[in-house]
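Colleague: build me a model:
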Amino acid sequence: MLISHRHRFIFIKTVKTAGTSVEAFLEPLCTPPGHVVQHHTPTLISAEGVVARRGPEGIGPDHGFSNHMDAAAIRERCAEFDDYRRFTVVRDPYDRTVSWFHFRAQQTDGAVGLSLAQAQELLAEGRQRALQQAFLRFVQEEGPPLEEHRLCIDGELAVQRWLRFESLVPDLQSLIADWQLPIRASAVATALPRFKVIRQGLVTPPPLAVYLSQEAVAQINGQCRWDFATFGYTPHTPEALPSLASRTGKS
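Modeller: The predicted model follows:
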């Protein structure tokens, strides 16, 4: 979460949307000159703005500003909330759920979800159906992280703008140009940090479609109804996908 008093904007950070990278990229606009950006940081409060704590609790006090705090909580702490421009990052609900599926495995030492390596191993063994079944169980039991509560105040969307994960670089370039922020738009592609890498990185992730069954699609469509309607993503029709039972491979 960021607040820039100098440039009069607030960044509300969502989950599994490259929010940490965007946050770190724009952090210098919220801190005094000479500040060095780090992956983990205590809450930083200055005349320039606020950078909410990133990282473990032991890194320092949060002074009431947490990493993924919701819009209503930010408004309570920031008197200028209604006067500042507010934005966030969103992501295709299916892709975000897959990213969460892998992240939760990492976060829980394999107790929830599957790691990316496990998913690749199942596919290498021809066990796509087993991967789909594991993903379906995850969607049914935990599901994606929902953001309506984080981005709305009294049922109204509290951001005026959102960047899409799928087009993050051009969307961020447009934001910089439209809001006249002192960053060269051409620098975004090379300077945007990538602190957290799950499905992107040194290995090629499996295509999204291999995780999806009719049942999983129907479940996500229901869970993420608000996200589809608000941010313009198109929900799949479950019937358009091959049924789980017709998938080939071992179980």
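Colleague: so how far is the strand of greatest length in the chain off the chain centroid?
Modeller: Identified as the longest strand of the chain according to DSSP state E is strand 85-90. Relative to its chain's centre, strand 85-90 lies at 11 Å (Cα atoms, centre = their mean, to the nearest Å).
Colleague: show me the strands in the chain, by range?
Modeller: So, for the chain - with DSSP E - the strands run 2-4, 9-11, 44-45, 49-51, 85-90, 152-153, 156-157, 161-164.
Colleague: residues touching the fifth one, excluding its own?
Modeller: If I follow you right, that is strand 85-90. 8-14, 17-19, 22, 71, 147, 151, 158-165, 168, 175, 179, 227, 231, 233 (Cβ atoms under 8 Å, 6 or more residues apart in numbering). Just so you know, the C-beta spots here come from the backbone N, C-alpha and C atoms, and that holds for glycine as well.
Colleague: and with 7 Å instead?
Modeller: With Cβ atoms under 7 Å, 6 or more residues apart in numbering as the test, strand 85-90 has contacts from 8-12, 14, 17-19, 22, 151, 158-165, 175, 179, 231.
Colleague: quick check: buried residues in that strand?
Modeller: Across strand 85-90, burial judged by 16 or more other Cβ atoms under 10 Å covers R85, R86, F87, T88, V89, V90.
Colleague: pLDDT and distance to A185 for the residues you listed - can I get that in JSON lines?
Modeller: Putting the buried residues of strand 85-90 into JSON lines (pLDDT from 0 to 100; distance: Cβ to Cβ, whole Å) gives the following:
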{"residue": "R85", "pLDDT": "98", "distance to A185": "17"}
{"residue": "R86", "pLDDT": "98", "distance to A185": "21"}
{"residue": "F87", "pLDDT": "98", "distance to A185": "16"}
{"residue": "T88", "pLDDT": "98", "distance to A185": "20"}
{"residue": "V89", "pLDDT": "97", "distance to A185": "17"}
{"residue": "V90", "pLDDT": "97", "distance to A185": "21"}
